[in-house]
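# sequence and predicted structure, then a few things I'm wondering about:
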Amino acid sequence: MRLAVAATCVALAGGCNAVFGLAGLSYEPTGAGPASSASTGAGGSACQQHPPIPEGWTGPMVLFVGGSAPPACGAAWTQFADGGTAPSFAPDGCVCYCGKPVGYMCLTATKTTYFEKTGCDVNTNFFDAAPDGTCTTTTIVGIHSVLAKPTVPAGGMCSASQGALAPAGWKAFARVCAAPSGACPLPAAPSGFPQAKCVSKSGATPAECPAEFPVANVIYRGISDTRACADCTCDAPTGVNCQTQIGIFTDMACGSPAGTVPADGNCHDIGGADVVSQRIFIDPIAGSGSCQAHGGTVASGAVTATEPLTVCCTK
């Protein structure tokens with residue numbers, strides 16, 4: 001150490017000598033002056049808490065690497081770098097979805113077969129029910145069962161949509177804090193930073209860690225995400241239920257109903273009616289049917305870590 005005198009000093013080659021007998025002496029730690037700084041940069045450090053900073057490296061630094069959010073640098077230290085050790089991302093964000101079928105038409109003719117006996121036994125005759133719902137004459141006497149084929153929907157589509165790729169993050173978080181410029185002695189390391197004596201250099205050069213700082217860490221300060229999803233498409237609708245019924249009538253103008261029969265391809269018994277006319281009734285079931293989705297993969301791009309920083313520590 002040296003004595004700083006609040007009086008006249010005689011300049012010598014070794015520094016400043018006190019003129020004894022004068023008042024106002026004060027203590028100044030060795031290395032606190034401009035020629036012996038503990039701040040970031042090359043040229044070494046005279047502070048005994050930290051090894052000298054090698055040429056080409058920056059320090060003193062403290063380092064945090066962990067799976068949780070990094071702690072704060074505190075009031076006495078400066079946040080120098082934030083990032084992580086490697087990118088982390090979900091691979092399945094491009095999933096494709098198809099909405100419910102819309103725009104289909106239930107306008108195909110329905111073939112209706114009439115039978116003399118129950119259980120659809122002894123075929124009497126068949127007629128096509130007009131797809132536009134107009135009245136069709138039949139004139140069949142003594143019908144006891146009916147079988148009507150389902151109406152087949154035509155056309156339609158499903159709208160395609162796609163999930164979004166979640167932003168990439170870090171597998172492990174990292175933070176580097178720098179000591180205040182010119183601080184000697186150094187302030188206490190901030191809480192939560194187990195590697196408290198470190199130096200850093202831009203780039204991924206762990207093999208170049210100085211001998212005094214043998215523990216190498218490479219962190220990255222940025223992420224480049226160039227992924228893009230393949231387009232989503234939907235097949236034509238299937239499974240749409242047109243919910244068709246055949247109305248049977250005992251007059252030629254479809255005015256005197258004798259009942260209705262579902263057009264579902266199954267046999268339905270009726271009570272011995274004389275069927276003179278028929279008419280189709282269509283009431284599509286909203287939300288029925290579906291479309292097969294295609295696509296939903298990452299078509300191009302990748303996730304890479306950028307802006308490497310090598311941090312070497314004593315332990």
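Done, it's in.
# quick one: the helices in the stretch 1-150 of the chain?
Applying DSSP state H, counting those that start in this stretch to the stretch 1-150 of the chain gives no helices.
# just for it, where's the confidence low?
Across the stretch 1-150 of the chain, residues meeting the criterion (pLDDT under 70) sit at 1-49, 108-109.
# in stretch 138-150, which residues are buried?
T138, I140, I143, H144, S145, V146, L147, A148, K149, P150 (16 or more other CB atoms under 10 Å). The way it works is simple: take the backbone N, C-alpha and C, and place the C-beta from them, glycine included.
# can you tell me, leaving aside adjacent residues, what's nearest to Y104?
Distances taken as CB to CB, 6 or more residues apart in numbering place G156 nearest to Y104, at 2.9 Å, with adjacent residues excluded.
# for that neighbour, which three-state class applies?
Assigned with DSSP: H, G, I helix; E, B strand; the rest coil, G156 falls in the strand class.
# then A207 would be within a helix, right?
Yes - counting by three-state DSSP, one finds A207 located in a helix.
# show me the contacts for it.
A207 is in contact with A216, counting by CB atoms under 8 Å, 6 or more residues apart in numbering.
# could you measure from it over to S300?
34 Å (CB to CB, to the nearest Å).
# could you do P262 as well?
In terms of CB to CB, P262 sits 51 Å off from S300.
# who has more neighbours out of the two?
The residue with more neighbours, out of P262 and S300, is P262; 14 against 9, by other CB atoms under 10 Å.
# my guess is the more buried one contacts Q245. True?
Yes - taking CB atoms under 8 Å as the definition, P262 is a contact partner of Q245 at 5.6 Å.
# and the most centrally placed residue in the chain, its phi and psi?
Residue closest to the average C-alpha location in the chain (CA atoms, centre = their mean): A166, at 1.8 Å. Dihedral pair for A166: phi -70, psi 140, per degrees, to the nearest 10.
# same question, G56
Backbone dihedrals for G56, given as degrees, to the nearest 10, come out at phi 90, psi 0.
# next one: it from S191, what distance?
Taking CB to CB, one finds G56 at 30 Å from S191.
# picking up where we left off before, the residue nearest to Y104 - how many residues pack around it?
Look at G156: counted by other CB under 10 Å, it has 18 neighbours.
# for it, list the residues it contacts.
Per CB under 8 Å, 6+ apart, neighbours of G156: P101, V102, G103, Y104, M105, A236, P237, V240, G289.
# got it, and T250?
Applying CB under 8 Å, 6+ apart, we find T250 in contact with S256, P257, A258, A273, D274, V275, V276.
# can I get the buried part of those residues as one ChimeraX selection?
Paste this into ChimeraX to select the buried members of the contacts of T250, with burial taken from 16+ other CB under 10 Å:
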select :258,273,275,276
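# where does the stretch 201-315 of the chain dip in pLDDT?
Looking at the stretch 201-315 of the chain by pLDDT under 70, you get an empty list.
# which of the contacts of G156 fall within strands?
V102, G103, Y104, M105 (DSSP state E).
# from what I can see the first one touches M157, true?
Yes - V102 is in contact with M157 according to CB under 8 Å; the separation is 6.6 Å.
# between these two, which one's more packed in?
Counting neighbours by other CB under 10 Å for V102 and for M157 shows that M157 has the greater number, 16 against 13.
# I am finished for the moment; much appreciated.
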